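> Here's my sequence, what's the structure:
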Amino acid sequence: HPRREELVKAGREEELGLFCSKGVWVKGRRQRAYDRTGKAPMAVRWVDINKGDEYEPNYRARLVARQLKATDFSGTSYFAPAPPLEALRTVIGMAMTTCGNHRPVYDPQPPQRMQMSFVDVERAYFNAKVDREASPCFVELPQEDPECGKKCAELVRHMYGTRPAADGWQEEYSTALVRMGFGQGIACPNVFRHAERQISCSVHGDDFTSCGPADALDWLETSIAAEYDITIGPRLGPGSGDAKQARALNIIFTWH
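Below you'll find the model as predicted:
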């Protein structure tokens, strides 16, 4: 389909532009990959997805590395925790429950009224830096790059498809939230609580789902935006101007 090919091409150009603007890699001689790692640069491939439909297409292109565990003989093991559904239910429970000293405000007027916030970090893995001295990582350049086959790229920031990427991003956002004053969960390291501002937060990949007083969530969204490029979803709450429905992790949340 001619239109589809045109949109895919535009999506790929946008993705490569992000690789440059965010400093994801530095190009160099292919021999450097062999000198540093003893093997060839990793292959890459495009994943093109239409997030819309045929009538309103919304094509996104993502360049991913092909680091297969079966061919990785480094002996290094990576672990990135993913929160169970109970982590998200904990945030919902804190928003909907009055217990002991935890007394959310459901009056629709005050700036301290309880709300739920939904934040998505764009290209999350690009925010986590690679330890280039301890674990250098080299990838091939895609065919769209004029230097493909002549040079390769050393990753400065993590790229989708590499084994340490999820672990690096988890370490990055956890450090940022703790720096903001959050305490990290003991049973689940993807759950965070800011005791002073009364914010509870669950992080699943690049999705931050939080509940707390409206003015505290204003602070949270501004603080996350200062660290990363984000998309802010509808803010659920009891106020007349608050949203009543939002979506996260393919789950629809409705405020009654």
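> Which parts of this protein are helices?
Taking DSSP state H as the criterion, the chain contains helices spanning 2-21, 30-37, 85-96, 165-179, 214-227.
> Name the residues of the fourth one that are buried.
Think helix 165-179. Within helix 165-179, the residues that qualify as buried are 165-170, 172-174, 176-177, counting by 16 or more other Cβ atoms under 10 Å. C-beta: built from backbone N, CA, C; applies to glycine.
> same question, the second one
Counting neighbours by 16+ other Cβ under 10 Å, one finds that the buried residues in helix 30-37 are 30, 33, 37.
> what's the spacing between residue 250 and residue 173?
Remark: distance between residue 250 and residue 173 (Cβ to Cβ, to the nearest Å) = 21 Å.
> then stretch 194-202 to CSV, C-alphas only?
Once side chains and other backbone atoms are set aside, the C-alpha atoms of stretch 194-202 remain, and they are given as CSV (Å, rounded to 0.1, in the frame of the first residue of the first chain):
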residue,chain,number,x,y,z
HIS,A,194,5.9,9.6,49.3
ALA,A,195,4.9,9.8,52.9
GLU,A,196,5.1,13.6,53.2
ARG,A,197,3.0,14.3,50.0
GLN,A,198,0.8,11.3,50.5
ILE,A,199,1.4,9.9,47.0
SER,A,200,1.3,6.2,46.1
CYS,A,201,2.8,5.1,42.8
SER,A,202,3.1,1.9,40.8
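> per-residue pLDDT, residue 72?
The predicted local confidence for residue 72 comes out at a pLDDT of 55.
> Give me the spatial nearest neighbour of residue 221, chain neighbours excluded.
For residue 221, ignoring the flanking residues on the chain, the nearest one in space by Cβ to Cβ, 6 or more residues apart in numbering is residue 232 at 5.7 Å.
> quick one, what contacts that neighbour?
Contacts for residue 232 (Cβ atoms under 8 Å, 6 or more residues apart in numbering) come out as 117-119, 221, 225.
> Sort out which residues of stretch 119-129 are buried, please.
Applying a neighbour-count criterion of 16+ other Cβ under 10 Å, one finds 119-121, 123-128 buried in stretch 119-129.
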